[in-house]
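K.L.:
Just need the structure, nothing else, for what follows:
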Amino acid sequence: MKPTLQQIIQSLSDNNIEEIEKSYKFFYFKKYEMDIYQQIFDILNRKDNLNSSENWMLGELYSNNIYLGNKNFNQALYYLELGANDGNTMALFSLGLLYHSSTRERTSYQKAKEYFELSAKQNNRYAQYSLGWMYFGGHDVDKDYEKAKSYFMLAIKQGFLALQI
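P.N.:
Next up is the predicted model:
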């Protein structure tokens with residue numbers, strides 16, 4: 001079931017990584033009305049002393065122009081690094097995505113891999129899946145189908161349903 005705005009804000013406020021990971025798929029696949037992203041952005045921007053999950057969310061919103069209308073790499077990097085410095089697994093994963101899929105001059109598959117690995121060590125299924133694709137496709141790593149399979153299997157064990165057949 002798709003979390004409500006209040007549930008999202010509460011899970012961010014509580015720094016509840018398990019609930020945040022559950023709602024991430026709805027964000028990733030853009031399953032909310034567009035105004036909810038702006039509402040979350042506005043609520044978090046009014047707060048002082050954000051926790052690591054709130055920093056992650058602001059970084060995520062800044063990193064994706066679909067949510068807010070314009071992508072701001074520097075602001076995304078700032079908030080994601082704040083979250084990552086506190087060990088937030090979603091912030092680590094999102095930093096990996098930021099470096100993996102940024103514009104050509106900012107893309108760094110090596111940095112993406114490092115952040116994905118840090119997040120994957122905390123059992124983040126999205127990071128495990130992303131590492132699987134890096135090894136499967138040979139993105140700044142040697143193609144290694146066994147490593148790819150291993151990461152895909154870890155992601156499945158953590159509940160990444162897109163890989164289950």
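K.L.:
what's the residue nearest the centre of the chain sitting at in phi/psi?
P.N.:
Nearest to the geometric centre of the chain sits Ser94, at 3.3 Å (CA atoms, centre = their mean). Note on Ser94: backbone dihedrals following degrees, to the nearest 10 are phi -70, psi -30.
K.L.:
Give me the pLDDT for the residue sitting furthest away from the middle of the chain.
P.N.:
Computed with CA atoms, centre = their mean, the residue of the chain farthest from its C-alpha average is Glu146, at 24.6 Å. Glu146 carries a pLDDT value of 97.
K.L.:
can you check Ala76 too?
P.N.:
In this prediction, Ala76 carries a pLDDT score of 90.
K.L.:
That one contacts Tyr62, correct?
P.N.:
Yes - contact status for Ala76 versus Tyr62: in contact at 3.9 Å, counting by CB atoms under 8 Å. Quick note: C-beta positions are derived from backbone N, CA and C, even for glycine.
K.L.:
Let me see the ranges of the strands in the protein.
P.N.:
Ranges of strands within the chain: none, based on DSSP state E.
K.L.:
So, low pLDDT: which residues of it?
P.N.:
Using pLDDT under 70 as the threshold, the predicted model of the chain has low-confidence ranges 27-31, 65-70, 102-105, 161-165.
K.L.:
Just give the number of residues close to Tyr32.
P.N.:
The burial count assigned to Tyr32 is 19, neighbours taken as other CB atoms under 10 Å.
K.L.:
what's the answer for Met34, then?
P.N.:
11.
K.L.:
can you check Glu117 too?
P.N.:
Using other CB under 10 Å, Glu117 has 17 neighbouring residues.
K.L.:
Leaving out chain neighbours, which residue sits closest to it?
P.N.:
The spatial neighbour of Glu117 that comes closest, neighbours along the chain excluded (CB to CB, 6 or more residues apart in numbering), is Leu131 at 6.8 Å.
K.L.:
That neighbour contacts Ser150, doesn't it?
P.N.:
No - applying CB under 8 Å, one finds Leu131 not in contact with Ser150, separated by 9.1 Å.
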